[in-house]
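Enquirer: sharing a model prediction with you, sequence too.
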Amino acid sequence: MYLNLKSNTKYIEVIDHYAYFVNNRRFNFLFLVILSIFGYISTFPPNENNFSIFYYSYIHLSNNLPLYILYPNEHFDYFFYNPVFATLMGPFTLFPVSISRFFWIIFLTIIFEYTLSKLPLKINYKFYFLLLVFFDFFNNLTHMQGNIPSVACMLLCWVYFEKENFLLATFFTVMAFAIKGYAGIIGLIFLFTSIKNIKKSFIYGLFWFIIIHSIPLLVTKSIPLLVKNYKEWIEVISSSTIREQYSFFGINQVLNLQLTDNVIYIIALIFLLIGFYIQKLYFKNTLFLTSWLMIIVVLFNQSAESPTYIFAVVGMTLLFLYLKNKYISIGYWIAMSICTFFPVGVISFVDTLKYEYFSKAFAVLFFAIIVIISILSKKTEINEITIEA
């Protein structure tokens, strides 16, 4: 990361001076309270729909009602999450929606704080990370979706994988899948360890998969009904119901490339294999692959929405901090200016680019290509951003 330029020295010194706040308990508590209050205010009706969907999903599950149909008297839009997620919403239904919404926002903020505290980054880089992803975090906080816990599980999987704590690493892998199915792609990092550890991780992963996906039985008390719910979940996430186009699918549409879905998936596979190749040849720490997976899981996701780009933003930010290359830095700032730095409603032209021309997808694709070229040209160095480095 090009933070050592003379013109930026004073600014970097100021930022580094305040980096200690990241590990300050009072600051963290104040940060949590302020964010929760602002987040709660931002989600007053009619902006509480996403949480209402989550809230009532448990009620529907506990009353043996279908999870994946519309309930227009309660909320608009469908519930798209795993039955496990609906079960975990149970404690929030102990209170009215308006009160539980505040607890949900606090919960999301705590998850973000906890994950940040566990990242094995040097304190100044942890502070840079916080500053760079903050807007996307707050945007997702006000949307109240499951992106924050999904991102957290992916990052925590990487954290514990690097510590060779495969029991916890597999737990967070399965939880990532249980919250948002595609987040389970993080499990691919287990391919980059020894055969012995892969076998061990497979057993742990199978254990957690059975345990976690049996949790809804506490509510349904019926295996056939639970199996039915899982079948319906798979059907809905693989259908055109959630085809949002905020990804390469949107690029295909805007450029009129007329690529079939299968061709797009082949392109996605190529990007994945390139990531594997780069990880194998150039990096020991799986930070690169973790970041790469967070990028491509959005870039080639037919259900990606604008808030979903927190996955890509986190991935791009980690690569920006980790890799020392001026072209990656330039590509990062260009991509972030499109993905993050222009809030909705400020400039109508930018909004049009985001929602009609899928500019976020173009920006992330641009950054990914810059990363590939920069690394394969062997002109990229590694910043020592982790504590272990």
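Expert: Looks like it came in fine.

Enquirer: pLDDT below threshold where in this protein?
Expert: Within the chain, the ranges that satisfy pLDDT under 70 run 1-24, 240-241, 343-347, 349-351, 355, 388-389.

Enquirer: for E381, grab phi and psi.
Expert: Backbone torsions for E381, taken as degrees, to the nearest 10, come to phi -110, psi 170.

Enquirer: tell me the contacts of it?
Expert: Counting by Cβ atoms under 8 Å, 6 or more residues apart in numbering, E381 makes contact with L323, K324, N325. Where C-beta positions appear, they are placed from N, C-alpha and C, glycine not excepted.

Enquirer: which of the three states applies to G205?
Expert: Here G205 is recorded as helix under DSSP: H, G, I helix; E, B strand; the rest coil.

Enquirer: and if you look at the one 3 residues further on?
Expert: Reduced to three states with three-state DSSP, the structure at W208 is helix.

Enquirer: from what I can see it touches V174, true?
Expert: Yes. W208 lies in contact with V174 (Cβ atoms under 8 Å); the separation is 4.2 Å.

Enquirer: looking at the two, which one has more neighbours?
Expert: V174 (24 against 20; other Cβ atoms under 10 Å).

Enquirer: and the helix or strand containing F288, C-alpha only, in CSV?
Expert: Using DSSP states H and E, F288 maps to helix 287-299. Below are the C-alpha coordinates for helix 287-299, written out as CSV (Å, rounded to 0.1, in the frame of the first residue of the first chain):
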residue,chain,number,x,y,z
LEU,A,287,-5.1,-13.8,3.3
PHE,A,288,-4.9,-13.4,-0.5
LEU,A,289,-7.2,-16.3,-1.3
THR,A,290,-9.7,-15.2,1.4
SER,A,291,-9.8,-11.7,-0.1
TRP,A,292,-10.1,-13.1,-3.6
LEU,A,293,-13.0,-15.4,-2.6
MET,A,294,-14.8,-12.4,-1.1
ILE,A,295,-14.4,-10.5,-4.3
ILE,A,296,-15.5,-13.2,-6.8
VAL,A,297,-18.4,-14.5,-4.6
VAL,A,298,-20.1,-11.1,-5.3
LEU,A,299,-18.7,-10.5,-8.8
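
Enquirer: and it, what does it pack onto?
Expert: For helix 287-299, the packing partners by 3 or more Cβ pairs under 8 Å, 6 or more residues apart in numbering; DSSP states H and E come out as helix 147-162, helix 261-282, helix 310-322, helix 359-376.

Enquirer: winner for burial among the ones you listed?
Expert: helix 310-322 (a mean of 26; mean count of other Cβ atoms under 10 Å).

Enquirer: quick revisit: distance to Y55 added to the helices and strands packed on helix 287-299, as JSON lines?
Expert: Formatted as JSON lines, these follow (distance: least, Cβ to Cβ, whole Å):
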{"stretch": "helix 147-162", "distance to Y55": "16"}
{"stretch": "helix 261-282", "distance to Y55": "33"}
{"stretch": "helix 310-322", "distance to Y55": "22"}
{"stretch": "helix 359-376", "distance to Y55": "29"}
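
Enquirer: many thanks, have a good one.
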